[in-house]
Structure formats: C-alpha cells, structure tokens
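Undergrad: Provided below for reference: sequence and predicted model.
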Protein chains: 6
Amino acid sequence: MTRLTHLDEHGKAHMVDVADKPSTTRTACAQAQVTMSEQAFQLLNEGTHKKGDVLAVARIAGIQAAKQTSNLIPLCHPLMLTKVQVDFELCPPNQVKIATLAKLNGQTGVEMEALTAASVAALTIYDMCKAVDKGMVIDGVRLLSKSGGKSGDYQAGSGGVND
Amino acid sequence: MTRLTHLDEHGKAHMVDVADKPSTTRTACAQAQVTMSEQAFQLLNEGTHKKGDVLAVARIAGIQAAKQTSNLIPLCHPLMLTKVQVDFELCPPNQVKIATLAKLNGQTGVEMEALTAASVAALTIYDMCKAVDKGMVIDGVRLLSKSGGKSGDYQAGSGGVND
Amino acid sequence: MTRLTHLDEHGKAHMVDVADKPSTTRTACAQAQVTMSEQAFQLLNEGTHKKGDVLAVARIAGIQAAKQTSNLIPLCHPLMLTKVQVDFELCPPNQVKIATLAKLNGQTGVEMEALTAASVAALTIYDMCKAVDKGMVIDGVRLLSKSGGKSGDYQAGSGGVND
Amino acid sequence: MTRLTHLDEHGKAHMVDVADKPSTTRTACAQAQVTMSEQAFQLLNEGTHKKGDVLAVARIAGIQAAKQTSNLIPLCHPLMLTKVQVDFELCPPNQVKIATLAKLNGQTGVEMEALTAASVAALTIYDMCKAVDKGMVIDGVRLLSKSGGKSGDYQAGSGGVND
Amino acid sequence: MTRLTHLDEHGKAHMVDVADKPSTTRTACAQAQVTMSEQAFQLLNEGTHKKGDVLAVARIAGIQAAKQTSNLIPLCHPLMLTKVQVDFELCPPNQVKIATLAKLNGQTGVEMEALTAASVAALTIYDMCKAVDKGMVIDGVRLLSKSGGKSGDYQAGSGGVND
Amino acid sequence: MTRLTHLDEHGKAHMVDVADKPSTTRTACAQAQVTMSEQAFQLLNEGTHKKGDVLAVARIAGIQAAKQTSNLIPLCHPLMLTKVQVDFELCPPNQVKIATLAKLNGQTGVEMEALTAASVAALTIYDMCKAVDKGMVIDGVRLLSKSGGKSGDYQAGSGGVND
C-alpha cells in the first residue's frame, strides 16, 4: 500500500536513501501569488516601472532560499542546484504572480526548491509592502510541473480538487 | 503620501532604522492551509493519531524557520524571539490548517516570523506527503493579528478583498 | 611517519584535497548515550509511549545537524548526504541510547556527519529534559563502523582503551 | 507535577515564552573529554607545544558553535552571547579535557550554548585526529555550573548517579 | 601595554566579555571600491541606468552579509542591527565606490558589520561582472567612522600610512 | 555582444544554468593584503612567532567562508569544494599578505570561493587587531589565476589597469 516515504515502517522520520537512484537532469516549476490592496499594487507597480527594487529584492530572496531548502525542510537532501529562476507577472488590479524554476543534475527531485523559492519570494513581497497593506494573502503555492525522475514527469492538471 | 518603507526616496532597498522605536512586547499570529487529496489526508490523519510524526516534523520546521527569518527575508531585522508556537488543525476531508504565534520584547514587529513559520510548516507537510499527492496547494498564508507596535494593533477583518 | 592529515608540514590547518579520491558509496554509524535521573527518564518514557515528541524533536535535530556538519567542523568538506537516520533505544532505568547512520556517494568519509548527528540529538534530549534534571551526562560518542573508503572498513573493536 | 517545559499540556513541542522573565547576567560552564590512543595524544601534544593548531581550530569551532546553538537545538531561543570561552587541558597519557564558559545578559539560561561549544570542540578534535585513531571516544559532556536564573544557581554535585 | 583584546594572556582566542559595557547607540561607516575595465564599467553603468540589477543584487548581498557577520568573523558577538544601508557611486571611467552604514543599540561596536557589508557587496559586483573582466580589483576596504563606544568616536584621518 | 551572464535579456538576475557544462577539475587562486600600523604589525608578528593565534583564527575563518560562498554571493551555485587553503606572509614593516586556493571537481569555477576566503581572512585580521589600529586597510583583493573551465585558464597579467 501507499506510504509516506519520509516515515519508516514504525512512523519515524528519516531522510530517505537516494544513493541508488540514477543521476539525471531534473527540473521543477512552481508558482505562488500575492493578492493585495489596489493601493499597494499601485505603489509596487510604479516601483516596478521606475525602480524595480521590490521585485529585485524578492527575486534574490527566492533564489537564495532555494539554496537553503535542505536547511529549512528537515528531510530534504542537500543538493547542488545548477539553475534557479524567479519571475514575476503583475496582474492588475491587485495581484502579483510568481513563477519559479529549479534545475539539477542529481539523484533527487527539486520540487521543494522551486516551491521554497516561490514561498520566500512571496513573503518578501509581503514584507516590503506591509507598511501599506497588512491584509495581503499568499495563495496558490503549488507545483506546476516536474521532469527527470524515475516516477515520470508531472504536470499540474485541470480537473481535480487542487487543479 | 504613503511610501513603501523598505525603499528610500530614490527607490533603493535598505534595512529601515528601528533604533529609536520603543521596546515593547509584540506578538503576531499567522495562518496557512494545505489542501490535499483525500488519500493523502487519510494517511496523514492516521499518522497523527498513531504517531504524529508528519506534524511533529512540520512543527519543528516552522519553529526553526521563524528563527531564520532575518536570513531569508532580506530586509528583516535580526531579533530575539521569546516564543514561537505552531499548531495544526486537521479538517476532514482534505485540509490541514496551520496557526502560528511569534512573540518578542523588542523594537520591531514579528509578522514576518509568524508568516515564515506558517509557510515553512506548510512546505514541510508538502514535502512529507508529496510521494502520495503532488497536487497539494498551500493557500491562505496571511497575518491574523498583531499587537504591540506603535501603529496600533491589527486584526484581520471580514469585509475587504483579502478578508 | 604518521601525521595528522589536517595539518600541513608546517602545522597549519587546511582542508585536505579529496579531488583525486574515487567516488564510492560510503556509510558511517555512530552512537551516543544520555544518562539521566530516573524521574527524567520516566517522563521521557511516558512521553515516548503517548506522544513521542522529545525523541521526534531530537531525531529531526540530529538529521538537520548532519547536514550542517561542514559548517560546524572547520575542516570538513561540504557534501551531499544521500541518507541520514537517527534511532533511539530507551534503556531503563535511566539511559537513552542513540544510533546514527550517514550515507554518501562521494569522495570523503561521513564519520563526522554520523557523529555530529549523534551529538546534537543527545544535546537536544538534554535541552528538552533539563527542567527536570540538570545533571544529565552525554557519554560514549563514538564511531561504530564505517565502510567505503580507500583506507578500508572500520569496525569498533572490543579490546583496546576505547573499545 | 513536574513537566518537561518544552512540551505543552498536549505533548506538543513549542519554544517556551521567556518574555516575562527578568533580564539578568547568566553564565554556564560545561565540560567534555576526548579519550584517544597514546599515539594520537602524542601527536596532538607535540602539535600543541610547537604549533597549537589542532586546539586552535577546536577552540574556534566551539566558539562558533555556541553562536549557532539556536539553529542546532530546535527549541532554544536565539540570544546574544556576551562572552564565550573554550579551554583545553592535556591529560597524559591519552585524554584532552575541554572546559567552556558562556555568558549573557538576558532572559534565558546559556547551558545549551556552553554544552554545544564543548561538544563541537570535541568533535573537531576527533575530526583532526581521526586519520591516526578512529577509536576516540567523547565522554562526560555535562553542565558544571550555572548562575543567574530564577531557579537558582546550579553546581554539579558529587554524590548522585551522574555526579 | 597595548594588547590584542581577542587573545587572552596566554595568546588563546576567546570572545571578549561585553556584559558590563553600557548599551548605547552605535554606528559605523565603511567603504570599499571595485576597479574594473572600462568595458565592464560601461556594461554596469548601462545596467544601472536601465535596469539597476547588478547594484540591486550587490546591495541586498551587503545587507544580508552584515546580518551574518558573527557567523563569518569567529570572535564577533551576535547582535541585533537596527539599520544597515549600502550605497554605490559610479565613478567613470572604471570604478564603483561602495559606502555602508551599520547601526545598533547595544554593547559592542558595529565596525565589522559595516566592513563585511562593504566587502560582500564588492565581491558580488565581482561575481556579476567577471564574465567580462576577471582582472577587477577590490581596494580600500576600510572604516570611515564610528560613534557611540566608550573608546570615543573615530574618524578616518588624512595624514597617516592608511589615510 | 558581450553581456553580463547573471542578467537575462531583460536585465533580471538569475542563477545561470550550468547543467550542461562538463565536470572538470577547477582551481582558483586569489589574494588580499592588510596594511596596518607598525605597532599593530609588531603585535601580530610577535603573536605569530610565539602563539600564532591571530593567523590561525583568520585561516579558519577564510576556510569556513569559502564553504559559505553560495550563501553570501546571491547568484553563486552551491558546490562541493574538494580543497581550500589559506596562507599568510608577514611583510615588514606593516603588511600581511593573504593567498588562497580553492579546488573543485565540478561544473562551475571557484573564483568566488577563493576571493571570499581571502576577503574574510582579511576581515578577521582587522577584527582581531582593531583594538590597536582602526585605520587598517584591506587592498588588492583579486583573482591571481584560475584553471579548468571551458573559457580557458586565466593568469593575472602585468600590463593593464588592474595588473
């Protein structure tokens, strides 16, 4: 029967062995979105056109966080990402969409790295705009796709509860 | 006019000066929720009753992450949290709700610490259950309330876009 | 003559070159034990049966510490562990035994990772029980076995000073 | 009845609230010892007289680890140590004794900082000498004394199981 | 006679005790400069006008590094910076000047935090421009001024070897 | 035309993809120098002969910093250094020269690791001597040579602006 792989047969947490998995090129894409007041969005949007700093800071925060994933998520393996990318889309009147990509030549997937980058980029936007709007909400933190693992590629669908 | 406080008058990021703010007791409460397939929820739920390890790991991850907030969010001040708490509520058929509390005697608010704890606890649940369900979604990462700062207490409302 | 490999011929510390060592599967097992008052043991033991949180926290702390080894031990190489495991045995009336395993496909041994996991798991038990007993002692932090390196396998013996 | 303070009434881990504890000067002293083969001790001892590097490295590792305690021990509070000291005593024919001191003006004790410094200094000695002796053992990691907290001063005794 | 305060009377490193120093507002300003080829400068300069990303990334890196100072410089005390600022001046035809400010209410100076911010901002500029010019040089990393400590204020002079 | 590789075509920062670069043995050598007052140099010099601790501490700080490079420099890839070496040359009457070497079997160069080691070793010397001389200056932080990458070997020249 299906089991949560991070728990052994006695329900104890451990870092699962990936030593015998083949080393392949793996990618994962994730997303998140921040919904804010129109006033906060407007300030962010003007900033983007003239100065760009909020998103520049959030981009760096997301990239740095991806590299910290194994320190943040207890049972993640340390790994050597070969690429991290964080993109933003400004969706008027009040939403910022975040899309991330993580890539690795290795033995384990990089879903958590892509998701962590998206989450921390979103938190950074919250931090930088919270003087104007404390009611912002981060939603839709999810995996969009992954490729390269033995369990086959994954593409977020369009029919289920979470799709 | 209202400005994003993390950007100076030229739009450049800096860590704002809090040296002259009074040191007061500050608290912040945040939340997040993870929606998953019923199968994943059932495995998590059984684990909770018998062993508890998924939530125990996620709780520790959230507490540890709160202490790492100033390393993750570039313009956050380092600070000495006096308390961090992470709680979970299992909401059948398919949702885990996360509630966090951060507390400090200090010169700056702890919203980001509470939000970071909630986000990383949610990411850890994702990590530990992703073998069963890759389509899980993290939603509703938001500030519930804060107290203790000069800008007055905050309570998430119930009428606006994000409330 | 035998030399300490972390010191060069002038006695200065450096991180030794492992670039030309073959990449092989390496494992190391270590142990530690915490001796406490019978009262502390009893509280821990009850916790284990009903809730498990002290050992669950110590297990996560040990796993996370293994991944931090190269930041803690100055001349250790950074490496990508493929597996970490931390187990506990409750030995009435007053002792907890800790056994750890670290595994890697790589060019350098993982003894320090296994030993660090055991030490930090033991320190975490101390932290969580110290309100009841400040006199706890951590003993027997040692390497049990290692395999996979060019210097041959190692098994802790049963006749020497330290065996 | 006595309870483990890191677990709440439901057995869940949390970081206990110290916001209302008075800020006082707190100190803690801890120790550890490393027992090794006479050959390893001799090499270390010669190094100490001529060059000192093994112990210099272990001293820095212990000091740095004390500052990392709240990242290593999940429920420890972050705090601002005002002093850390790590001393060594070479005890022929085969033992190195480690004594540490941690100090703080603050709301929580520094036992774990002193114990972590001692443990990591010991692990570093192991790392630097393991090419010569893999059978080294770290023993006697314990709190010697603490002062400054509301629960009164503590001095390791001389009559109990662990004294 | 004058002594290096980080070494005790036996020449051993320790983290000096600041527990009895008064808590005052302390600031430190530091600088560094990066000299590069005119081609690299031109690309950076265009970037600054149009996009700003190299300097935005270097600014964040400097701010983040200031917060990491006590982990990087072994005998530095952990402390809670209340402000960090990193500024750049583009000096045609081939130099970028970096000026940093660190501020704290506390018991110890923040020179190292200001210097670390300047150094890491400079290294980040190197990293981002090295595809175009590997011969860049970082010079003039120095303390410009400090205030708030018991040893009096300091202002870099204009007549000595280093002024 | 030449472009800064860390910026994409829209000027946004990202961590460049190295997944398809061949894994080769790469080395980089860097340097830095600290110029100080003759009094500070004399104290350091005596320390070096008798006790060595300032340079021993700076050496460890440099080695540890090399391993932290990808956390400090936002767009650096995490990597597994196989060797780090930090050497010092005392140049009377008032200068300490620092030479570093970093080595890796991997897909990306190690210039930043060698440069970071040199910078942090220099900052540590500043920290340990600043009680005697606040006017010290760190200069000449530069890459001396690199080998192993596809862009060919590099050797700092002797004719240009920075050579």
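TA: Yes, it's here.
Undergrad: A:Ile73 - nearest residue in space that isn't next to it in sequence?
TA: If the residues on either side of it in the chain are set aside, A:Ile73 comes closest to B:Asp127, at 5.0 Å by Cβ to Cβ, 6 or more residues apart in numbering or on different chains. C-beta: built from backbone N, CA, C; applies to glycine.
Undergrad: can you check A:Thr116 too?
TA: A:Thr69 is the one closest to A:Thr116 (Cβ to Cβ, 6+ apart), at 4.6 Å.
Undergrad: count the neighbours of the one you found for me.
TA: Residues lying near A:Thr69 (other Cβ atoms under 10 Å in any protein chain shown) number 25.
Undergrad: could you report the separation of it from E:Val120?
TA: Distance, A:Thr69 to E:Val120, using Cβ to Cβ, to the nearest Å: 22 Å.
Undergrad: how about A:His77, what does it touch?
TA: A:His77 sits next to A:Met15, A:Val18, A:Ser70, A:Gln107, A:Thr108, C:Met80, C:Leu81, C:Thr82 when contact means Cβ atoms under 8 Å, 6 or more residues apart in numbering or on different chains.
Undergrad: which members of these are the farthest-apart pair?
TA: Spanning the widest gap among the contacts of A:His77 are A:Ser70 and A:Gln107, at 13.4 Å by Cβ to Cβ.
Undergrad: how about the helices in chain A?
TA: A:38-50, A:53-67, A:69-72, A:111-129 (DSSP state H).
Undergrad: could you dump those helices to TSV with mean pLDDT?
TA: Formatted as TSV, the helices of chain A follow (pLDDT from 0 to 100):
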stretch	mean pLDDT
helix A:38-50	80
helix A:53-67	95
helix A:69-72	98
helix A:111-129	97
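Undergrad: point out the most buried one among these.
TA: helix A:111-129 (a mean of 29; mean count of other Cβ atoms under 10 Å in any protein chain shown).
Undergrad: can you dump the C-alpha atoms of that one in PDB for me?
TA: Coordinates of the C-alpha atoms in helix A:111-129 are reproduced here as PDB (Å, rounded to 0.1, in the frame of the first residue of the first chain):
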ATOM      1  CA  GLU A 111      10.200  20.300  -6.300                       C
ATOM      2  CA  MET A 112      10.800  21.600  -2.800                       C
ATOM      3  CA  GLU A 113      13.500  24.000  -4.100                       C
ATOM      4  CA  ALA A 114      11.100  25.500  -6.600                       C
ATOM      5  CA  LEU A 115       8.300  25.700  -4.000                       C
ATOM      6  CA  THR A 116      10.600  27.300  -1.400                       C
ATOM      7  CA  ALA A 117      11.800  29.900  -3.800                       C
ATOM      8  CA  ALA A 118       8.200  30.800  -4.700                       C
ATOM      9  CA  SER A 119       7.100  31.000  -1.000                       C
ATOM     10  CA  VAL A 120      10.000  33.100   0.100                       C
ATOM     11  CA  ALA A 121       9.700  35.500  -2.800                       C
ATOM     12  CA  ALA A 122       6.100  35.900  -1.900                       C
ATOM     13  CA  LEU A 123       6.900  36.500   1.800                       C
ATOM     14  CA  THR A 124       9.500  39.100   0.700                       C
ATOM     15  CA  ILE A 125       6.900  41.000  -1.300                       C
ATOM     16  CA  TYR A 126       4.600  40.900   1.800                       C
ATOM     17  CA  ASP A 127       7.500  42.200   4.000                       C
ATOM     18  CA  MET A 128       8.200  45.100   1.600                       C
ATOM     19  CA  CYS A 129       4.600  46.200   1.100                       C
END
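Undergrad: what residue is smack in the middle of chain A?
TA: Nearest to the geometric centre of chain A sits A:Leu115, at 2.2 Å (Cα atoms, centre = their mean).
Undergrad: that residue and A:Ala30, how far apart?
TA: 5 Å.
Undergrad: find residues that contact each of those two.
TA: Shared contacts of A:Leu115 and A:Ala30, counting by Cβ under 8 Å, 6+ apart, come down to A:Thr100, A:Val141, A:Arg142, A:Leu143.
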